[in-house]
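[1] Got a predicted structure here, sequence first:
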Amino acid sequence: MDTRFIVGIDLGTTNSALAQFDAAAPEEEARITVEAVPQLTNPNEVEERTLLPSFLYVPGEMDFPKGALALPWEREPQVFAGELARKRGAENPSRLVASAKSWLSYAAVDRASAILPWGAPEEVRKLSPVEASAEYLRHLRQSWDARVNAKKNPELSLGAQQVMLTVPASFDEEARELTLRAAQSAGLNNVTLLEEPQAAFYAWIDAQGEAWRKRVKVGDLILVCDVGGGTTDFSLITVSEEEGALTLKRVAVGEHILLGGDNMDLALARLLQQRLEEEGHRVDTWQLQGLWHQCRLAKEKLFADPKSQKQPVTLLGKGSKLVGGTIKTELRREDLERVLADGFFPAVGRDETPARQRRIGFQELGLPYAADPAVTKHLARFLAQQASGGAESDQIRRGPSGFACPTHVLFNGGVMKAGVLRERVVEVINNWLQAEGFEPLGVLDAPDLDHAVARGAAYYGRAKRGRGVRIRSGAPRTYYIGIESAMPAVPGLPAPLKALCVVPFGMEEGTEAAVKGREFGLVVGEPAEFRFLSSTVRKADEVGSLVEDWGEEIEELSPLEVTLNLEGKEDTVLPVRLETRVTEVGTLEVWCVSRDGAQRWKLEFNIREQEES
Amino acid sequence: MIGFGKRISYATRCFFSVLSRGEVPEDIAPEVVKGAAPTPEPEPEVKTLPAETRPAEESPDRAVQLLALLQREGRLVDFFSEEIAPYQDAQIGAAVRELHAGCRKALAQYVTLEPVIDGEEDRPVTVEEGFDPAAVKLVGNVTGRPPLRGLLRHRGWRVAEVNLPSLPPEGAGRKVVAPAEVEIQ
């Protein structure tokens, strides 16, 4: 049954947004609109903003006077999200949960246990990354329900609408599964997942209207380059033809790179801090926060006005020595060039790869931020990796070296609002294209980068109902089960692992695959674990193929667990085979099926803390 | 003791009200019924208070609140409390630029201001008959009767709308312009 509203939710690392489409509105008026979200902006103040900062604050008794945190739907919230959470969190970081989304994809911690705020003292109530993500979604749901008066009109509540929730394309299956769990926990049960770069492309299609078909042609390869507050995400979309109509297919997805606008602003702030200290001023941690904020504003002004060469940055004195304690410095255009353009977007050759990720004890570091801040190097590696074949491999336009050569680029994410950085990326890619013998890139203009993903998600919802064009995607990675080879155990060395492909890259939504010719004997009543791995690079592996030496191409995820429950047969060994399914919701299912096909058990992720390998 | 005329009026209204509805009219009850509390005015959820219809309270709470907002967004009170004589113009200027941005944003958000006379300064304007001397001040060779022609020297300021957030709960909190800040080491 079709719901009244189609809703797109962008659950971002730094900001979340919600867009809606009213399917009951007459055709001429029907438009995708971004909904403003009421949130606490100051104690006793609730205001509507189109973005909900993805920050959660866990107030203690000493933070706010009683009743200052009243929301229209909750008088005394235990935790709250949004602008005030971010502001107050800057003053008292030990109670702030930030970047919950990045934690969802970090397997080295137990993501279902209450670990955030990371490093917070005992007395602070903690949440798991899943719960934190659920809180943002809950806020969106409760504010929506309050607006439509869901108590009187339950069919208008957000839980009753069709919701498209976006995830980074680089999110692996576990992280997607956990996102879905967070949504369910927040009271959203009709949820489909969509990849953010695809959502950005849908937003572009929506903005173009029917004219989009004139901007691209068969054979084009579109690179979606999404650099947001906390993450960098790449995708490739091909344009082909089927039965006379243009069809779009997502054919490649990059790795999850924890690198974004926040890293860049902090780098600028550190530069200015150094400059101030050389002049004899002291900049403490609080002033660094202020400097960070000021740098971001000064940077935006410099980007907006190409003629200005510098912007003053002023830190007001603390306490009552406002003028007396004022420190002045400036952000110069060459600072932007050096730190941002050369530091984060250096001109590199297409054979350059990012520095290897060093495994420092995560206890100190928290999240594993990318070791190499050069976004262009990560991009070079992404395009070079497409050389190893796959089902759609012939559709990806390549140069003589196998390097993937896009024809167009679509930018997304807050960082790419800066024209200077977009131009730099285009310049770098054009150098690569030239070396491979192709003409320069076309740039697809993307308006409203802050809300594009939410809008695009709503558009996708419409497309699923038949009103709009869809990008064909399917499984974004190849997935494997780990089989330990039957070699004699050598003490001290882990048994060598082979990878059995159970889901090929691109396996279409709504299809199933059976892993034939291989059975596993599981003990009934006892939990059995299957090691689970994935690859974003190996795209030619078919179901059932066994891979032995894969170098760095395959990485391990959390294991899958299953307990065969069969009355009366406990402790017997039952032969089962594996079947996999890609659901329409955007997740993967792996099943154990008995030999006669009569019984099935679903494998679940065991997301407790994993050993660093 | 309520006046005689009023008693006649109240008595009549009470008689018919009790007869038809079984209750004493709400506005009369506090005055005549012992122990009946006046029905409390529902605390307005509304954030917009058009300047003309604001209840005439003598309490200074809203004035404190406006100071608090300007301090929070622009550190206005800190600025005026400081002795600036010892500092160079450049330093004061740098600080003022920051303040200006903050206070401007706060004013724009919480108070909608408009000019009294919307015209270009130093250009001719006409002051019509029946003008409000509190809103338009005449200077110079002020003779004759309106309509009067003159040059606009200052456009004046008027509040169109006041959008203050709700006050903190009753108590000492309403006198706080800015909380003291204590950094815990």
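    Great, that's in hand.
[2] Would you map the strands across chain B?
    For chain B, strands defined by DSSP state E occupy the ranges B:111-114, B:124-127, B:148-151, B:158-162.
[3] Show me how the record splits chain B into domains.
    According to automatic domain parsing, chain B comprises the domains B:1-40, B:51-168.
[4] Please identify the most buried of the ones you listed.
    Greatest average neighbour count among the domains of chain B goes to domain B:51-168 (a mean of 13), per mean count of other CB atoms under 10 Å in any protein chain shown. Bear in mind the C-beta positions are built from the backbone N, C-alpha and C, glycine included.
[5] State the mean pLDDT of that domain.
    Averaging pLDDT along domain B:51-168 yields 89.
[6] from the chain's centre, how far out does stretch A:428-440 sit?
    29 Å (CA atoms, centre = their mean, to the nearest Å).
[7] longest single helix anywhere in chain B?
    helix B:89-110 (DSSP state H).
[8] Grab the CA positions of that one and hand them over as PDB.
    Taking C-alpha atoms only, helix B:89-110 is exported to PDB below (Å, rounded to 0.1, in the frame of the first residue of the first chain):
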ATOM      1  CA  ASP B  89      42.300  52.100  18.000                       C
ATOM      2  CA  ALA B  90      43.400  49.100  16.000                       C
ATOM      3  CA  GLN B  91      42.900  46.700  18.900                       C
ATOM      4  CA  ILE B  92      39.500  48.200  19.800                       C
ATOM      5  CA  GLY B  93      38.500  48.100  16.200                       C
ATOM      6  CA  ALA B  94      39.400  44.500  15.800                       C
ATOM      7  CA  ALA B  95      37.300  43.600  18.900                       C
ATOM      8  CA  VAL B  96      34.400  45.800  17.700                       C
ATOM      9  CA  ARG B  97      34.300  44.000  14.400                       C
ATOM     10  CA  GLU B  98      33.500  40.800  16.200                       C
ATOM     11  CA  LEU B  99      31.000  42.400  18.500                       C
ATOM     12  CA  HIS B 100      29.300  44.100  15.600                       C
ATOM     13  CA  ALA B 101      28.700  40.800  13.800                       C
ATOM     14  CA  GLY B 102      27.300  39.100  16.900                       C
ATOM     15  CA  CYS B 103      25.000  41.900  18.100                       C
ATOM     16  CA  ARG B 104      23.700  42.500  14.600                       C
ATOM     17  CA  LYS B 105      22.800  38.800  14.300                       C
ATOM     18  CA  ALA B 106      21.100  38.900  17.700                       C
ATOM     19  CA  LEU B 107      19.100  42.000  16.900                       C
ATOM     20  CA  ALA B 108      18.000  40.700  13.600                       C
ATOM     21  CA  GLN B 109      16.900  37.400  15.100                       C
ATOM     22  CA  TYR B 110      15.000  38.700  18.200                       C
END
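[9] now that helix against strand B:158-162, angle please.
    Angle of helix B:89-110 versus strand B:158-162, following axes from the mean of the first three to the mean of the last three CA atoms, to 10 degrees, is 60 degrees.
[10] a markdown table please, covering the domains of chain B and showing distance to residue A:113.
    Output for the domains of chain B, formatted as a markdown table (distance: least, CB to CB, whole Å):
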| stretch | distance to residue A:113 |
| --- | --- |
| domain B:1-40 | 48 |
| domain B:51-168 | 38 |
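[11] looking at those, which is closest to chain A?
    domain B:51-168 (4.3 Å; CB to the nearest CB).
[12] Do you know the pLDDT at residue A:347?
    91.
[13] What sits closest to it if chain neighbours are left out?
    residue A:428 (5.3 Å; CB to CB, 6 or more residues apart in numbering or on different chains).
[14] quick one: pLDDT of residue A:498?
    pLDDT, residue A:498: 89.
[15] what do you get for residue B:41?
    Confidence at residue B:41, expressed as pLDDT, is 48.
[16] what sits against residue 138?
    No chain specified, so I'll use chain A. Neighbouring residues of residue A:138 by CB atoms under 8 Å, 6 or more residues apart in numbering or on different chains: A:185-187.
[17] The chain in question should be chain B.
    Counted by CB under 8 Å, 6+ apart, residue B:138 has contacts B:127, B:148, B:150.
[18] shouldn't the last one be in contact with residue B:143?
    Just to be clear, that refers to residue B:150. No - taking contacts as CB atoms under 8 Å, residue B:150 lies outside contact range of residue B:143: 11.6 Å.
[19] can you give me the helices in chain B?
    Listed from the start of the chain, chain B has helices (DSSP H) covering B:4-21, B:29-32, B:61-74, B:76-81, B:89-110.
[20] Can you lay out those as CSV showing distance to chain A?
    CSV is the format used below for the helices of chain B (distance: least, CB to the nearest CB, whole Å):
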stretch, distance to chain A
helix B:4-21, 29
helix B:29-32, 28
helix B:61-74, 7
helix B:76-81, 4
helix B:89-110, 5
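[21] Which helix or which strand is home to the residue in the stretch 151-300 of chain A that chain B sits nearest to?
    Closest approach between the stretch 151-300 of chain A and chain B, counting by CB to the nearest CB: residue A:286, at 7.5 Å. Taking DSSP states H and E as the criterion, residue A:286 maps to helix A:285-304.
[22] closest one to residue A:268 among the domains of chain B?
    Of all these, domain B:51-168 sits nearest to residue A:268, with 18.2 Å by CB to CB.
[23] Could you tell me which residues of the stretch 151-300 of chain A lie near chain B?
    residue A:286 (CB under 8 Å from any CB of the partner chain).
[24] Residue A:477: how many residues sit nearby?
    26 (other CB atoms under 10 Å in any protein chain shown).
[25] center of chain A - which residue?
    Nearest to the mean C-alpha position of chain A, by CA atoms, centre = their mean, lies residue A:168 at 2.8 Å.
[26] Could you find the closest non-adjacent residue to that residue?
    Residue A:168's closest residue in space is residue A:233 (CB to CB, 6+ apart), at 4.7 Å.
[27] who in chain A is up against chain B?
    A:42-45, A:65-68, A:286, A:312, A:314, A:316-317, A:319-324, A:326, A:328.
[28] Mark which of these are buried, thanks.
    By neighbour count, with 16 or more other CB atoms under 10 Å in any protein chain shown, those hold A:42-45, A:68, A:314, A:316-317, A:322-323, A:326, A:328 as buried.
[29] could you redo these as CSV and give each row pLDDT and secondary structure?
    What follows is those, written out as CSV (pLDDT from 0 to 100; DSSP: H, G, I helix; E, B strand; the rest coil):
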residue, pLDDT, secondary structure
A:42, 92, strand
A:43, 90, coil
A:44, 88, coil
A:45, 91, strand
A:68, 89, coil
A:314, 87, strand
A:316, 83, coil
A:317, 81, coil
A:322, 85, coil
A:323, 87, coil
A:326, 86, coil
A:328, 88, strand
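[30] Export the residues you listed to a markdown table and append columns for distance to residue A:60.
    Shown next, in a markdown table, are those (distance: CB to CB, whole Å):
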| residue | distance to residue A:60 |
| --- | --- |
| A:42 | 18 |
| A:43 | 14 |
| A:44 | 18 |
| A:45 | 20 |
| A:68 | 13 |
| A:314 | 33 |
| A:316 | 28 |
| A:317 | 29 |
| A:322 | 29 |
| A:323 | 34 |
| A:326 | 33 |
| A:328 | 36 |
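[31] ok, these vs residue B:25, which is closest?
    Using CB to CB, those come closest to residue B:25 at residue A:44, 36.5 Å.
[32] my read: that closest one touches residue A:71, true?
    No - judged on CB under 8 Å, residue A:44 makes no contact with residue A:71 at a distance of 11.2 Å.
[33] follow-up on the earlier one: want to throw the contacts of residue B:138 into TSV with distance to chain A?
    Formatted as TSV, the contacts of residue B:138 follow (distance: CB to the nearest CB, whole Å):
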residue	distance to chain A
B:127	40
B:148	45
B:150	40
